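[1] next comes the sequence, and after it the predicted model I'd like to discuss.
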Amino acid sequence: MTDELPRTDAAANAVGADAYPAAGQPLLRIEGVAKTFGTFRAVDGVSLDIKAGEFFALLGPSGCGKTTLLRMLAGFEAPDEGRILLGGKDIAQALPHERPINMMFQNYALFPHLSVRDNIAFGLKRARLARAEIATRVAEMVALVKLEGLEKRKPDQLSGGQRQRVALARALARRPQLLLLDEPLAALDKKLRENTQGELMELQRRLGMTFIIVTHDQEEAMTMASRIGVMKAGKLAQVASPRELYEAPRSRWIAEFVGDINLFEAESKLRDGHRLIIGTSGAGALVVAEPREPVGAGKLSVAIRPEKVKLSRRGPVSEAGHETALNRLDGVIADICYLGGTTTYKVKLDTGGMVQASVANSARLDVDAYSLNQHVVAWFTPDDCVVLTS
Amino acid sequence: MHNISRLSRFNIASLALGLAFLYLPIIILVIYSFNASRLVTVWGGWSLRWYHEFFNDRAMIEAAWMSVKVAVSSATIATLLGTLTAVALSRGERFRGRTLFSGMLYAPLVMPEVITGLSLLLLFVALNAERGFWTVTIAHTTLTMCFVAVVVQSRLGSLDRSLEEAAMDLGCNPVRAFVAVTLPLIAPAIVAGWMLAFTLSLDDLVIASFTTGPGSATLPIRIYSEVRLGVKPEINAICTLVIGLIAVVIVIASLASKLSSSQGESAAPL
């Protein structure tokens, strides 16, 4: 039933829209935008390009400025510096109702005195569409978010998940060039959140719309977004695809913020062809692949994700070409954390450090499991290590 | 239920005592308004005689009509001004001295009425304004608009700001956002504010007696001057009617504010 919504029309019929760029073309350009509240610099010189059709996530801890940046895109705050270009036009000082951008609020901000239908129709009425056109579009939106039969309900007669859908339908009804979502799933419980993530992605793909989502949940950002901008203290720390962000974080802070990681402080550095041999305080000498970008002068550390650390009872399982280039660390199991799909082992190394290894529980019976105080060998390849500066 | 009945012996006693203290004089007044006797303190059987008397008392009816006119117009002006004040204080940009203004709003609530009345009288004399209907109305507006402002401001304060932002996001300019979203949501508080202003104006004696002029006495002034010459049973009948009117208004006002707060809950997220 939802196939009726033609994706090209969505952009062409947008309320007050200028020409909508084709997918992949630049849509939004943020240039050196800054915002200060009193003496607090909430957003500090952010520059970013968003392409049409992108699902972009702004990720960061609370207070990093991601919501302020989003509110500047919506027009609720005016930037003190910089420009915001939408389709080439500077909208930095435009009022919210003058922008072809809509926002879905964190608490949904549904109008409590209006029914589901009137909530969704609210923006369409302001756009002075014909009554028949409004009715068609509302029906379209109701079908899109699967709220049939609830059109006459008031927001307080809906469940949390249903309210979330109304908020989404209301924001989409005007067919904005850009949809902003402020922590859209924060108020839902875990199971519902996971389902809704999938639905949001599906919807974004089908409508071919550009979404910018703000979230503090790195898993949510990784699941949904095609590109992630990590913010820290008002600045963009890294903009990358989820994979790049996880596997090649640019700094130690990002590596620790996105997922779990083992970190070893570097004490010395030696070049050996295409490899570096780094002496660490906790794990002795580690062989790592030479980073693509030359490492800076700052304090170095070697990082390795827990799922890339393998455990075995004796030596490493021999793999062609790897035998000579493995990092092999002896230790005993100090802690076991069973998580269902995986088990995380903490291994106390003979060299003094601690390493976490995440092992997939690929067999139902615990024949492969390790027990406390068991001697194990933790090993990983040089390519799985990342050299980070702090 | 069990819990309530166990505690109730003491509670019923204190409740009865408290209510008796508040309402016994009023009940006696209401009963004596139906007294057939000419003597206020002697019971002479049931009768509607004094109600009949009141409706034939031209001067008294005129005073009652004046009171209603003053109450309706001052409540309406006060509601308008009070609502605007509340909106300016809770929605306007943060300006220097906003907290001071908010605090100053409460001053008329605690100011002795004699002082308010006297200062208004001095103002009207200085302006050489002819005292009568309009001066009483203006005086009552000054008294009651801060009550309205306080009621509306508390409602605005509990309203989610993002509702207005959502309206602007969906194509409303700030004024339209206020009319389309904020106004319907604070309407019950505005109604409650009007009712409050109406009753305050209706039963005010002190400020009215300072600011009124010859020929435009309000009902409380009229009653007070009659009583000074001795209490006629007719006064009991008038007072019973006024009590009835105020009771109705208060019930409507509390229903309106109840409606207002139940809508506020749905505005909040789960």
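    Right, received. Where do you want to start?
[2] what parts of the stretch 1-150 of chain A come near chain B?
    A:15, A:74-76, A:95-97, A:101-103, A:105-113, A:122-123, A:126-127 (CB under 8 Å from any CB of the partner chain). For the C-beta atoms, the positions are set from N, CA and C on the backbone; glycine is no exception.
[3] just the ones in strands from the residues you listed, please.
    In this view, those that belong to strands under DSSP state E are A:101-103.
[4] residue nearest the centroid of chain A?
    In chain A, the centroid-proximal residue (CA atoms, centre = their mean) is A:A221; its distance is 2.0 Å.
[5] nearest residue to it in space, please, no chain neighbours.
    Closest residue to A:A221 apart from its sequence neighbours, by CB to CB, 6 or more residues apart in numbering or on different chains: A:A57 at 3.9 Å.
[6] how close does A:F211 sit to A:P96?
    Separation of A:F211 from A:P96 (CB to CB, to the nearest Å): 18 Å.
[7] oh, I was asking about A:S62
    24 Å.
[8] so where's the chain uncertain?
    Let's take chain A. A:1-20, A:294-297, A:315-325 (pLDDT under 70).
[9] if you could check chain B rather than the one you did, that'd help
    Along chain B, the parts satisfying pLDDT under 70 run over B:1-7, B:93, B:260-270.
[10] show me where it has helices.
    Secondary structure of chain B by DSSP state H: the helices cover B:2-33, B:49-55, B:58-91, B:98-105, B:107-110, B:113-126, B:133-158, B:161-169, B:174-177, B:183-202, B:206-211, B:219-228, B:233-267.
[11] will you turn the ones you listed into CSV that also has mean neighbour count and distance to chain A?
    Output for the helices of chain B, formatted as CSV (neighbours: other CB atoms under 10 Å in any protein chain shown; distance: least, CB to the nearest CB, whole Å):
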stretch, mean neighbour count, distance to chain A
helix B:2-33, 11, 30
helix B:49-55, 17, 43
helix B:58-91, 19, 14
helix B:98-105, 13, 16
helix B:107-110, 11, 30
helix B:113-126, 15, 37
helix B:133-158, 23, 12
helix B:161-169, 22, 4
helix B:174-177, 15, 7
helix B:183-202, 22, 5
helix B:206-211, 22, 37
helix B:219-228, 17, 38
helix B:233-267, 17, 3
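[12] closest to A:N361 out of these?
    A:N361 sits nearest to helix B:161-169 of all these, at 44.1 Å, using CB to CB.
[13] surely A:K191 is in a helix?
    Yes. Using DSSP: H, G, I helix; E, B strand; the rest coil, the assignment for A:K191 is a helix.
[14] what distance do you get for it to B:Y51?
    69 Å.
[15] what's the answer for A:T67, then?
    In this view, A:T67 and B:Y51 are 66 Å apart by CB to CB.
[16] excluding its backbone neighbours, what's nearest A:V239?
    That would be A:G229: by CB to CB, 6+ apart, it lies 4.6 Å from A:V239.
[17] thought A:A334 was touching A:V347?
    Yes. With contact defined as CB atoms under 8 Å, A:A334 counts as touching A:V347 (6.5 Å).
[18] which neighbours do the two have in common?
    A:M354 (CB atoms under 8 Å, 6 or more residues apart in numbering or on different chains).
[19] of those two, who's got more company?
    Using other CB atoms under 10 Å in any protein chain shown as the criterion, A:A334 and A:V347 rank with A:V347 on top: 26 against 14.
[20] contacting residues for the more buried one?
    A:V347 is in contact with A:311, A:329, A:331-334, A:354-357, A:376, A:378, counting by CB under 8 Å, 6+ apart.
[21] from what I can see A:L181 touches A:V214, true?
    Yes. Using CB under 8 Å, A:L181 is in contact with A:V214, at 6.9 Å.
[22] how about the contacts made by A:L245?
    By CB under 8 Å, 6+ apart, A:L245 lies in contact with A:222, A:228, A:230, A:238, A:254, A:258.
[23] what do you get if the cut-off is 7 Å, keeping everything else the same?
    By CB atoms under 7 Å, 6 or more residues apart in numbering or on different chains, A:L245 lies in contact with A:228, A:230, A:238, A:258.
[24] just the residues you listed: which are in strands?
    With strands defined by DSSP E, the entries of the contacts of A:L245 inside them are A:228, A:230, A:238.
[25] the last one - how many residues pack around it?
    Pointing back at A:Q238 there. Neighbours of A:Q238 under the rule other CB under 10 Å: 20.
[26] from A:A255, how far out is it?
    Following CB to CB, the distance that separates A:Q238 from A:A255 is 10 Å.
[27] quick one: common contacting residues for those two?
    Listed as contacting both A:Q238 and A:A255 by CB under 7 Å, 6+ apart are A:P249.
[28] surely A:Y345 is within a helix?
    No. According to three-state DSSP, A:Y345 belongs to no helix; its state is strand.
[29] so it touches A:I336, yeah?
    Yes. Here A:Y345 reaches A:I336: they are 5.8 Å apart, a contact under CB atoms under 7 Å.
[30] ok, and which of the ones in strands among the contacts of A:L245 reach chain B?
    The subset of these lying close to chain B, counting by CB under 7 Å from any CB of the partner chain, is empty.
[31] tell me the residues of the stretch 151-300 of chain A that contact chain B?
    A:155-156, A:160, A:174, A:187.
[32] just confirm the residue nearest to A:A221 is within a strand.
    Yes. With three-state DSSP as the criterion, A:A57 is part of a strand.
[33] tell me how many other residues crowd the residue in the stretch 251-390 of chain A that chain B sits nearest to.
    Of all residues in the stretch 251-390 of chain A, the one sitting closest to chain B is A:F257 (26.6 Å; CB to the nearest CB). Using other CB under 10 Å, A:F257 has 21 other residues around it.
[34] residues contacting the helix or strand containing A:I213, please?
    Taking DSSP states H and E as the definition, one finds A:I213 inside strand A:210-215. Defining contact as CB under 7 Å, 6+ apart, one finds that strand A:210-215 is touched by A:27, A:50, A:52-59, A:66-67, A:70, A:73, A:177-184, A:204, A:221, A:224-225.
[35] report the buried members of those.
    Buried by 16 or more other CB atoms under 10 Å in any protein chain shown: A:27, A:50, A:52-59, A:66-67, A:70, A:73, A:177-184, A:204, A:221, A:224-225, out of the contacts of strand A:210-215.
[36] keeping just the C-alphas, turn stretch A:232-239 into PDB.
    Taking C-alpha atoms only, stretch A:232-239 is exported to PDB below (Å, rounded to 0.1, in the frame of the first residue of the first chain):
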ATOM      1  CA  LYS A 232      33.400  16.700  20.800                       C
ATOM      2  CA  ALA A 233      33.300  20.000  22.600                       C
ATOM      3  CA  GLY A 234      31.600  21.900  19.800                       C
ATOM      4  CA  LYS A 235      34.000  20.600  17.100                       C
ATOM      5  CA  LEU A 236      33.700  17.800  14.500                       C
ATOM      6  CA  ALA A 237      36.300  15.300  15.600                       C
ATOM      7  CA  GLN A 238      35.900  13.000  12.600                       C
ATOM      8  CA  VAL A 239      33.500  12.500   9.700                       C
END
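[37] what residues sit buried inside it?
    Neighbour-count burial for stretch A:232-239, with 16+ other CB under 10 Å as criterion, is recorded at A:232, A:234-239.
[38] one more: stretch A:259-270?
    A:259, A:261-266.
[39] got it, and stretch A:273-280?
    Buried residues in stretch A:273-280, counting neighbours by 16+ other CB under 10 Å, are found at A:276, A:278-280.
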